[in-house]
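Asks: sequence first, predicted coordinates after that:
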Amino acid sequence: MRRPGRRSRTETAGSGRGGEVGGRRRQPPAVLVACWLALAPAAASALDLFTLWQRPELPLDLAAGQWADYRRQALTEGRRTDDLLRIQCLGQDAQGRWLLEVLPLVETDPAVFAVVPGEGLRLWFSGALAERTGSIVDAVDEVRLWRDGEEQVLDRREWRRDPLVTASFSGEFRPELVEEREATVRVISGRELTCRQMVFAAADTQVARLPNSTMTQTSSQEVSAAVNPSIPLLGLAYVTERLRAESRLDPPSDRLSPPPPQIRVEILECIDFGSGARPALGPVPMGSD
């Protein structure tokens with residue numbers, strides 16, 4: 001599968017001569033670090049519940065009472081993190097805003113999951129959520145956070161930094177290539193589901209000028225999704241995201257080496273779903289259905 005890619009350029013000027021050794025100019029390590037930061041992959045956002053929100057290939061189900069539980073795993077530089085989340089739709093309020101709750105889960109026994117009491121997010125979205133227009137972040141109208149049973153209304157700057165919020169929607173993915181593959185079967189909580197399989201891919205190349213050389217970074221992002229319309233929200237049964245970023249110096253330097261390749265793999269797996277969800281974070285405020 002050939003992945004077409006964007007190409008962009010970042011001009012980074014060196015500050016001063018930085019000293020010379022043996023008649024050769026020495027490139028300050030800070031310049032290389034600055035270039036690496038400037039060339040951070042555009043697709044740096046994590047896999048989340050809304051990564052593929054805008055894709056028309058995925059069904060969108062916002063029926064009131066629908067819920068789905070997910071296990072999310074991230075593998076990067078030999079480290080692994082896991083979390084469990086429930087997302088449930090409570091329908092629309094009197095103003096036409098969509099009301100969703102995102103709730104952390106705990107595994108009380110093998111394959112038995114429960115909502116953590118007094119913890120979670122209540123999210124109000126504009127009508128753009130159902131229309132799939134604009135940015136998912138811009139569609140957020142209100143965010144309320146519960147921690148240890150205490151409720152807090154978050155402004156935009158606060159919720160953009162909160163880890164539970166970013167686990168729910170940290171960014172959107174705009175692929176350059178979409179490919180459908182052979183259907184697959186997933187078993188979720190004893191239910192056998194035949195799922196469409198799709199692959200979404202994008203690539204990017206960026207260039208930064210150093211005092212004596214050029215650093216080129218190539219990054220690729222691939223999201224594979226198994227989808228069944230009976231699963232609430234976006235029908236996601238199983239999703240994997242692979243990110244890879246690597247750099248090279250031209251001409252090569254015997255004094256400086258480009259950063260090592262960065263590889264990150266994230267997995268989002270549906271472990272259960274159903275209907276009949278009720279508000280888990282207390283009564284819905286007045287003015288809501």
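Replies: Received, thanks.

Asks: where does the stretch 101-250 of the chain have low pLDDT?
Replies: Counting by pLDDT under 70, the stretch 101-250 of the chain has low-confidence residues at 166-167, 170-172.

Asks: how does it look with 90?
Replies: Of all residues in the stretch 101-250 of the chain, those with pLDDT under 90 make up the ranges 110-111, 133-138, 154-176, 202-221, 243-250.

Asks: how about the strands in it?
Replies: Listed from the start of the chain, the stretch 101-250 of the chain has strands (DSSP state E, counting those that start in this stretch) covering 112-115, 120-125, 140-147, 150-154, 177-188, 191-209, 214-227, 236-250.

Asks: TSV for the ones you listed, including distance to Ala280 and mean neighbour count?
Replies: In short, each C-beta sits where N, CA and C put it, glycine included. Formatted as TSV, the strands of the stretch 101-250 of the chain follow (distance: least, C-beta to C-beta, whole Å; neighbours: other C-beta atoms under 10 Å):
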stretch	distance to Ala280	mean neighbour count
strand 112-115	6	14
strand 120-125	6	22
strand 140-147	9	18
strand 150-154	13	12
strand 177-188	21	13
strand 191-209	23	18
strand 214-227	26	21
strand 236-250	21	19
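
Asks: looking at those strands, which is closest to Cys89?
Replies: strand 120-125 (10.0 Å; C-beta to C-beta).

Asks: what residues does the closest one touch?
Replies: By C-beta atoms under 8 Å, 6 or more residues apart in numbering, the surrounding residues in contact with strand 120-125 are 93, 97-104, 139-146, 164-165, 168, 280-281.

Asks: now do Ala203 against Pro258, distance only.
Replies: The span separating Ala203 from Pro258 equals 18 Å under the rule C-beta to C-beta, to the nearest Å.

Asks: same check, this time on Ser220
Replies: Between Ser220 and Pro258 the computed distance is 17 Å (C-beta to C-beta).

Asks: with Cys195 instead?
Replies: Here the distance between Cys195 and Pro258 works out to 39 Å (C-beta to C-beta).

Asks: and if you look at Glu241?
Replies: With the distance defined as C-beta to C-beta, Glu241 ends up 24 Å from Pro258.

Asks: with Ile231 instead?
Replies: Taken as C-beta to C-beta, the span from Ile231 to Pro258 is 42 Å.

Asks: of those two, who's got more company?
Replies: Set side by side, Ile231 and Pro258 give different neighbour counts by other C-beta atoms under 10 Å, the larger being at Ile231 (23 against 19).

Asks: for that one, phi and psi?
Replies: Summarising the backbone geometry of Ile231 under the convention degrees, to the nearest 10, its torsions are phi -90, psi 130.

Asks: which element, helix or strand, includes the residue lying closest to it once chain neighbours are set aside?
Replies: Nearest in space to Ile231, with sequence neighbours left out and distances taken as C-beta to C-beta, 6 or more residues apart in numbering, is Phe273 at 5.2 Å. Under the criterion DSSP states H and E, the helix or strand holding Phe273 is strand 262-274.

Asks: that strand pairs with which strands, parallel or anti?
Replies: strand 67-76 (antiparallel), strand 236-250 (antiparallel) (DSSP bridges).

Asks: of those, which is nearest Pro56?
Replies: Between the strands paired with strand 262-274, strand 236-250 lies closest to Pro56; by C-beta to C-beta that is 14.8 Å.

Asks: Leu281 belongs to a helix?
Replies: No. Secondary structure of Leu281, determined by DSSP: H, G, I helix; E, B strand; the rest coil: coil, with no helix assignment.

Asks: do you know which of the strands of the stretch 101-250 of the chain lies nearest Arg72?
Replies: Distances from Arg72 to each of those were compared using C-beta to C-beta; the shortest belongs to strand 236-250, at 9.3 Å.

Asks: mind putting the strands of the stretch 101-250 of the chain into a markdown table with distance to Arg264?
Replies: Compiled in a markdown table, the strands of the stretch 101-250 of the chain are given as follows (distance: least, C-beta to C-beta, whole Å):
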| stretch | distance to Arg264 |
| --- | --- |
| strand 112-115 | 26 |
| strand 120-125 | 24 |
| strand 140-147 | 25 |
| strand 150-154 | 27 |
| strand 177-188 | 20 |
| strand 191-209 | 15 |
| strand 214-227 | 10 |
| strand 236-250 | 4 |
